[in-house]
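how does the following fold in three dimensions:
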Amino acid sequence: MSQAPEPLEGAPLIAPSTTDHPLYDQVVEACRTVYDPEIPVNIYELGLVYTIDISSENDVKIIMSLTAPGCPVAGEMPGWLAEAIEPIPGVPHVDVDLTWEPPWGMEMMSDEARLELGFM
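Now for the predicted structure:
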């Protein structure tokens, strides 16, 4: 069994998103339409969407996590997210990958999510 290599010092734990791509805002809005069924906040504001990578061909790759590995919708939520993004005009392909590194924590939530959940 091989072990994953240690990250390089100074390398970000979460890959940066393609924020300068013309479709980025539309993809973010699509992410905001997907909700964790146990928490009344969308997965984008919860901080579950780690990376939005959009290629020059407009293919979208999402790296996301869940609040816990035992989440009952772990097998379904990536599909929900792909289905929310696929209708965006000009997006030929959507790929959603789950990651557990770094583990999700409450500090990843936006201020909006904290306010909605009563943490502020």
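
quick one: the strands in this structure?
49-54, 60-64, 94-98 (DSSP state E).

any chance of those strands in a markdown table, with mean pLDDT too?
Formatted as a markdown table, the strands of the chain follow (pLDDT from 0 to 100):
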| stretch | mean pLDDT |
| --- | --- |
| strand 49-54 | 97 |
| strand 60-64 | 97 |
| strand 94-98 | 96 |
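
so for A74, which of these sits nearest?
Using Cβ to Cβ as the measure, strand 94-98 is the one of these that comes nearest A74, at 7.1 Å. To be clear about C-beta, it is placed using only N, CA and C from the backbone, and glycine gets the same treatment.

got the phi and psi for I88?
phi -60, psi 120 (degrees, to the nearest 10).

pretty sure it is touching A30, no?
Yes - using Cβ atoms under 8 Å, I88 is in contact with A30, at 6.2 Å.

okay, these two: which has more neighbours?
A30 (24 against 15; other Cβ atoms under 10 Å).

tell me the contacts of the more buried one?
81, 84-85, 87-88 (Cβ atoms under 8 Å, 6 or more residues apart in numbering).

check contacts around the residue most central in space within the chain.
Nearest residue to the geometric centre of the chain (Cα atoms, centre = their mean): V49, 1.6 Å. Contact analysis of V49 by Cβ under 8 Å, 6+ apart lists 31, 43, 62-64, 81.

okay, now the residue nearest to E45 when sequence neighbours are not counted: neighbour count?
Of all residues not flanking E45 in the chain, A113 sits nearest, at 4.1 Å (Cβ to Cβ, 6 or more residues apart in numbering). The number of residues packed near A113 is 21, by other Cβ under 10 Å.

now tell me which helix or strand of this structure has the poorest mean pLDDT.
One helix or strand of the chain scores below all others by mean pLDDT, DSSP states H and E: helix 111-116, with a mean of 90.
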